[in-house]
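Q: sequence and predicted model, in that order:
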Amino acid sequence: MYIPKHFEERDRAVLHALIRAHPLGTWVTPVGGTLCVNHLPFLLHPDRGEHGTLVGHVARANSAWRECSRTAPSVVVFQGPQAYITPSWYPGKREHGKVVPTWNYAVVHAHGIPEVHDDREWLRRHVTELTAAHEAGEERPWEPADAPADFLDQMLAAIVGVEIPIATLEGKWKVGQNRNDADRRGAVAGLGLRHTEEAAAMAELVAQRRKPPAAP
């Protein structure tokens, strides 16, 4: 991923926080000379390995688990807040006109070699943990034990686990750090007028980040 220095995010806690907040990852892995792309909800185990470990599952009918390389790295992309930024929000448009549209976003790329798990008890533990993580905010959380045992066994037989120890973790926070304070304030105000959760999340990121100081 192309990351200009002023957009680079290296704080592992920040990168992990985005993964937890946006757990549906785009898993890209080489298969037979091409790229196989799947979208999976991943659990992050932050303390397993230097950069953490991602755990998910695919349908058994999905050939990715059979064909993914066990020697070549794959990558999982986690997309955070994103928003179109119009130059009309910048005071610079009125002052000198030297402004153009752009797109702001925060994204994490996690690289690693995938491991496959086809053990029923491993899958049961994984599904139980995944369910607990995403049902935690529900008024009446569902858990696997709520389903008939034979039905749950059928569901577990239809999936295969995927585990990716993270070898490289990259983050890019492209949120206007290259703009001056006035233009950044204009972007925050403009995003606020959109009245959407994603625009609000991006406005917060723009407000938090500052233009890096010039090199001495």
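A: Now that the structure is in, tell me what you want to look at. Residues are numbered from 1 along each chain as shown.
Q: tell me the contacts of P91?
A: A182, D183, G186 (Cβ atoms under 8 Å, 6 or more residues apart in numbering). Heads up, the C-betas are built off the backbone N, CA and C, glycines and all.
Q: list the contacts for the second one?
A: Read it as D183. By Cβ under 8 Å, 6+ apart, the contact set of D183 is W89, Y90, P91, G92, V99, G176.
Q: where do the helices sit along the chain?
A: Along the chain, counting by DSSP state H, helices occupy 12-21, 64-67, 91-95, 120-135, 149-157, 181-192, 197-208.
Q: which helices and strands sit right next to the first one?
A: Okay, so that is helix 12-21. strand 43-45, strand 74-85, strand 102-112, strand 168-174 (3 or more Cβ pairs under 8 Å, 6 or more residues apart in numbering; DSSP states H and E).
Q: would you turn the contacts of D183 into a markdown table with distance to F42?
A: Listed next are the contacts of D183 as a markdown table, based on distance: Cβ to Cβ, whole Å:
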| residue | distance to F42 |
| --- | --- |
| W89 | 35 |
| Y90 | 37 |
| P91 | 41 |
| G92 | 40 |
| V99 | 38 |
| G176 | 29 |
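Q: please indicate which of those residues are buried?
A: Neighbour counting by 16 or more other Cβ atoms under 10 Å classes W89, Y90, G92, V99, G176 among those as buried.
Q: what's the closest of the residues you listed to P148?
A: G176 (52.4 Å; Cβ to Cβ).
Q: coming back round to it: and the contacts of D183, which is the shakiest by pLDDT?
A: For these, the weakest pLDDT value sits at G92, with 77.
Q: which residues of the protein score low on pLDDT?
A: 211-216 (pLDDT under 70).
Q: swap the cut-off to 90 and go again
A: Within the chain, the segments meeting pLDDT under 90 span 30-34, 49, 63-73, 92-99, 137, 209-216.
Q: okay, which residue is most central for it?
A: Geometric centre of the chain, nearest residue: F78, 1.7 Å, by Cα atoms, centre = their mean.
Q: which residues touch that residue?
A: So F78 contacts L18, I19, H22, P23, L24, G25, T26, V107, V108, H109, A110 (Cβ under 8 Å, 6+ apart).
Q: hmm, back to that, how about the buried ones among the contacts of D183 in TSV, adding distance to L123?
A: As requested, those are exported to TSV (distance: Cβ to Cβ, whole Å):
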residue	distance to L123
W89	49
Y90	51
G92	55
V99	52
G176	43
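Q: closest one to A61 out of the residues you listed, please.
A: G176 (43.7 Å).
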